[in-house]
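*Asks:* below is the structure, and that's it, no one-letter string:
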């Protein structure tokens, strides 16, 4: 350990207190700090697609994971929220498939997606080639209905009050 390096335990404690923007800055300090900051950044990912900027970020993140096995292997928890149905078509399914295949240690997956009839088949195809072992899987009710009743028009189902 050089005189300028923090002990690993102290570094981990400090980095856990940082937000994502601060963690990104830590990645440019030195390689030891970069690897620890990336471990925290990639460990629990949340992709929220509420608008076009979120869609761009989600696609960029998935592309990074698809192309960087080292980063994809750090992902333990992933949450994907897509509110508007037209955004799901714009998420790159091919890149998503490649990213999911690379996330071999993924344990927690949370999907909140707009109801679309073709989603059940899409996610079946995505997950068919994955090797991760999920501990928890959370899927919104409308997506479950799309799995169970793929021919049903979910927009006609009654909404809870």
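*Replies:* Yep, it's here. Being a predicted model, the structure only gives us computed values, none of them experimental.
*Asks:* so what's the spatially most central residue of the chain closest to, chain neighbours aside?
*Replies:* In the chain, the C-alpha nearest the mean C-alpha coordinate belongs to residue 78, at 3.7 Å (Cα atoms, centre = their mean). Spatial nearest neighbour of residue 78, chain neighbours left out: residue 45 (5.0 Å); criterion: Cβ to Cβ, 6 or more residues apart in numbering. Yep, even glycine has a C-beta here, placed from its N, CA and C like the rest.
*Asks:* so where is this structure shaky, pLDDT-wise?
*Replies:* Along the chain, the model assigns pLDDT under 70 to residues 1-4, 83-91, 114-121, 141-161.
*Asks:* so the residue nearest to residue 78, which of the three states?
*Replies:* Applying DSSP: H, G, I helix; E, B strand; the rest coil to residue 45 yields a three-state assignment of strand.
*Asks:* how about it, what does it touch?
*Replies:* For residue 45, the contacting residues are 61, 75, 77, 78, 79, by Cβ atoms under 8 Å, 6 or more residues apart in numbering.
*Asks:* can you check residue 9 too?
*Replies:* Residue 9 neighbours (Cβ under 8 Å, 6+ apart): none.
*Asks:* secondary structure element holding it?
*Replies:* According to DSSP states H and E, residue 9 maps onto helix 8-16.
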